[in-house]
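In: What shape does this take:
(one chain, ligands or ions: 1)
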Amino acid sequence: MLTIYGVYRSRASRVYWMAEELGLQFRSVPVLQARRLVSPLSDEAPLNTQAPDFLAVNPMGQIPSIKDGDVVMHESLAINLYLARKHGGPLSGKTVEEDGLLTMWTIWAASQVEPETVRIVLTYDNGLENSEGGKQTIAAACRSLRRPLAALESHLAGKQWIVGDRFTVADLNIAEVLRYAQSEGALFDAHPNVKAWIERCQSRPAYKAMQATRGKEPMEV
Ligand SMILES: N[C@@H](CCC(=O)N[C@@H](CS)C(=O)NCC(=O)O)C(=O)O
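Out: Sure, this is the predicted structure:
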């Protein structure tokens, strides 16, 4: 059975959403981010990203990771490409060409979008969004997101989904990366195709199921 290491309040949410979409049975091993703990290496600390037992799974000390038979994988977006390809169906590419586009859009999300959206979400996580420095960080990230969002806006003109005529792993991966910027409503108001598309993605039952479980997870540990 597929094992997912992580917690829902992390990038593991992407993999949990994917597993829901595919109707996969999985075992979830809760691994907390070490940065959320005062003494991650103490004997009483829950399993976390700096624990030797977890570093044996992912020497990078990051969640999510998966074990699937003999395969151990890290990198949330790559895990989703793997699960889509392994389990097939509409979320995966029907042709080599579609497969190439799913990979392209996923790498685009990781390289062109995520560094900026993470700056935004971390500013909020650290409670700095109303500080002068925090406001400047968010404004700079929003400026850097203008070009990728404009590109996505024109790509989505007259389209419901990123690749082909259906929801795929590319939609899921990009929607999860962009979710980190959703606090910035004006960014989405300025890109109505992107706004309507992300709402479509987030209205899917599998997304709602993932969010329902995430909502039950404690914010503080
Ligand atoms: N590129 C990696 C990034 C993984 C990552 O940075 N995960 C964070 C949680 S969202 C983490 O494990 N941080 C370790 C920590 O905070 O201790 C991926 O997409 O899987």
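In: what about residue 60, which SS state?
Out: Here residue 60 takes the coil state, with states given by DSSP: H, G, I helix; E, B strand; the rest coil.
In: ok, residue 188 touching residue 197?
Out: No: the criterion here is CB atoms under 8 Å, and residue 188 misses it with residue 197 at 10.0 Å. Any C-beta I mention is one placed from the backbone N, CA and C, and that applies to glycine too.
In: Neighbour count for these two, which is higher?
Out: Set side by side, residue 188 and residue 197 show more neighbours around residue 197, with 24 against 18, by other CB atoms under 10 Å.
In: and that one, what is it in contact with?
Out: If a contact means CB atoms under 8 Å, 6 or more residues apart in numbering, then residue 197 has 156, 160, 161, 162, 171, 175 as its contacts.
In: The one helix or strand residue 78 maps to packs against which elements?
Out: Following DSSP states H and E, the helix or strand that holds residue 78 is helix 76-87. Contact analysis of helix 76-87 by 3 or more CB pairs under 8 Å, 6 or more residues apart in numbering; DSSP states H and E lists helix 12-22, strand 65-68, strand 71-74, helix 96-108, helix 169-179 as its packing neighbours.
In: The ones you listed: which one's closest to the ligand?
Out: Ranking the helices and strands packed on helix 76-87 by their distance to the ligand (criterion: CB to the nearest ligand atom) puts strand 71-74 first, at 6.0 Å.
In: Which elements pack onto the closest one?
Out: In this structure, strand 71-74 makes packing contacts with strand 65-68, helix 76-87, judged by 3+ CB pairs under 8 Å, 6+ apart.
In: And the pLDDT at residue 221?
Out: At residue 221 the predicted local distance difference test score is 79.
In: That one and residue 39, how far apart?
Out: For residue 221, the distance to residue 39 (CB to CB, to the nearest Å) stands at 12 Å.
In: Which of these two has more residues huddled nearby?
Out: Here residue 221 and residue 39 are compared on neighbour count by other CB under 10 Å; more neighbours surround residue 221, at 14 against 9.
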